[in-house]
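[1] Compute the structure for the input listed below.
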Amino acid sequence: MKMGLLGIQKNTKGITRGGKINRLSVISLLFSLVLIFGVFLIQGTQLSRKASTYAAIQKVVLRDNEASSDFGSDNEASSGFGSGNETSSDFGSLGVPWCRSRHGSTVNWTRDDLLHALKEFVPIYQTRPIKNNMFGMGFDHSFGLWFIARWLKPDLMIESGAFKGHSTWVLRQAMPDRPIISITPRHPEKYLKKGPAYVDPNCRYYSGKQFIDFGSIQWKSVMKEYDILDQSKVLVFFDDHQNELKRLKQALKAGFRHLVFEDNYDTGTGDHYSLRQICDQFHIKGGGHICYKGSDEAKVRAKRKQFWEKALDLKELCGPGDVWWGVRGQMRDNFNHSFEMISHAEHFENSKFVESVLDLYWEVPPVAGPSLTHQTRYDPARSSEPVIPDYQKDLFRQFGLSSLNNTVFNGYTQMVYVQISDSSQH
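    Numbering: from 1, shown residues only. Below is the predicted model of the structure:
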């Protein structure tokens, strides 16, 4: 501070000429001081905003966890397992539209099962060949796919959409000796020219000139080739950004029962019509929206939009004529290269069909709370409770999750596992 004052005093020697004040010099000096002060003010404001935003997020997270129970309580309602009901915490406060199964069935694994598997998966994930899987699966979904495949132990695994091969690698880690069928327009080996990719030696690729869309493959013939007599022993993984209603119908027609959809986009987001969007209905707890600016939901959304990149305010959620289903009334398909405007009646009929064939619906929860992963994309108010809540920092570190780059936690889009069967068979 002293040096700065001396510097100013020294510079003032040139502002007088013959005892008269040089107005131009004075104005120039004052302008320089204002400019310097302005730069410091802007920088300070930016830092202050960042600090206050993070502090606000921390405050929200702490409030979210006030009602949470201690580790090991295995409370299904608070953990988000089973029905996906709202909890007393802020997680799910905007409603989680959990698709209804016909008989109210739930998964037969628990939070403890997920915790034990998570501890095992972290060192496996650290050996992945594609360290930077930008535009591909992050840690949350990688763990979810690995866990589901390992739990089900399928005789055959099918994936539609492989990109550089990360999901193929995940499936291989889960089931080292089982065959994989990968359906993807561009063969993963093509990416090897520019960087890391994974090509599996025990995988049949429908790629390049051999590419056939999932819905066009003669699956009965393929099942015979692999000696698959029971198609309930097949796991199908979709990461192809196609209309999930279309894929559900195709899988049902082919006789497949166990499906995983990687990008189960929330209402108002994404490039294809998802199961979560389909099940976002007024008759489902946590579903349905009213495009009224003065509503409680509008106020909550406006507030949370400040903290979460993927959070939608009411203006983004609702389109002309107050259409909110799908993406502002659109049923999107094929990376949003095509879409169809649908009425709410059509949207409702779609949900009725899904419910008629749905035996089980389970969204993969985030592996950890946002104050641990430092993710700022998805809004926890529209997701299930994380496997490791924010208040269990020691457990997060103990599992080795703190050693992972924060960016691997930014790809969560409500991956979902479903079991389906033809309703005419019941």
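
[2] The helix or strand of the chain with the lowest mean pLDDT: what's the following helix or strand?
    Every helix and strand in the chain was compared by mean pLDDT, DSSP states H and E; the lowest is helix 76-79, with a mean of 31. Next helix or strand after helix 76-79 toward the C-terminus (DSSP states H and E): helix 111-125.

[3] show me what contacts the residue nearest to residue 265 when sequence neighbours are not counted?
    Leaving aside its sequence neighbours, residue 265 sits nearest to residue 274 (Cβ to Cβ, 6 or more residues apart in numbering; 4.4 Å). For glycine as for every other residue, the C-beta is placed from the backbone atoms N, C-alpha and C. Counting by Cβ atoms under 8 Å, 6 or more residues apart in numbering, residue 274 touches 244, 261, 263-266.

[4] Distance-wise, check residue 274 relative to residue 200.
    27 Å (Cβ to Cβ, to the nearest Å).

[5] Low-confidence regions, the stretch 101-250 of the chain specifically.
    Judged against pLDDT under 70, the stretch 101-250 of the chain has no low-scoring part.

[6] mind listing the strands for the chain?
    16-17, 20-21, 156-160, 180-183, 203-206, 234-238, 258-261, 330-333, 338-341, 358-363, 416-420 (DSSP state E).

[7] Residue 314 against residue 300, yeah?
    No: using Cβ atoms under 8 Å, residue 314 is not in contact with residue 300, being 10.0 Å away.

[8] Which one of the two is surrounded by more residues?
    residue 314 (23 against 18; other Cβ atoms under 10 Å).

[9] Give me the pLDDT value at that one.
    The per-residue pLDDT reported for residue 314 equals 94.

[10] Now for it: which residues touch it?
    So residue 314 contacts 291-293, 295, 297-298, 301-302 (Cβ under 8 Å, 6+ apart).

[11] can you redo those residues as CSV with neighbour count, distance to residue 328 and pLDDT?
    Listed next are the contacts of residue 314 as CSV, based on neighbours: other Cβ atoms under 10 Å; distance: Cβ to Cβ, whole Å; pLDDT from 0 to 100:
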residue, neighbour count, distance to residue 328, pLDDT
291, 16, 10, 94
292, 12, 16, 94
293, 11, 16, 92
295, 13, 17, 92
297, 17, 16, 91
298, 19, 16, 93
301, 22, 15, 93
302, 14, 18, 94
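
[12] any idea of the pLDDT on residue 284?
    The predicted local confidence for residue 284 is 87.

[13] Now it: closest residue in space that isn't a chain neighbour?
    residue 97 (5.4 Å).

[14] surely that neighbour meets residue 282?
    No: shown here, residue 97 and residue 282 do not form a contact pair, counting by Cβ under 8 Å, at 9.9 Å.

[15] Between these two, which has more neighbouring residues?
    residue 97 (25 against 12).

[16] which residues sit in contact with the more buried one?
    267, 276, 279-281, 284, 286-288.

[17] out of those, who's nearest residue 405?
    Of all those, residue 405 sits closest to residue 276, with 27.3 Å by Cβ to Cβ.

[18] ok, how many other residues are close to that closest one?
    Around residue 276 there are 27 residues (other Cβ under 10 Å).

[19] The residue nearest to residue 140 when sequence neighbours are not counted and residue 277, how far apart?
    With Cβ to Cβ, 6+ apart as the criterion, residue 140 has its nearest non-adjacent residue at 4.6 Å, and that residue is residue 412. Here residue 412 is placed at a distance of 16 Å from residue 277 (Cβ to Cβ).

[20] for residue 290, same thing?
    Residue 290 is 17 Å from residue 277, by Cβ to Cβ.
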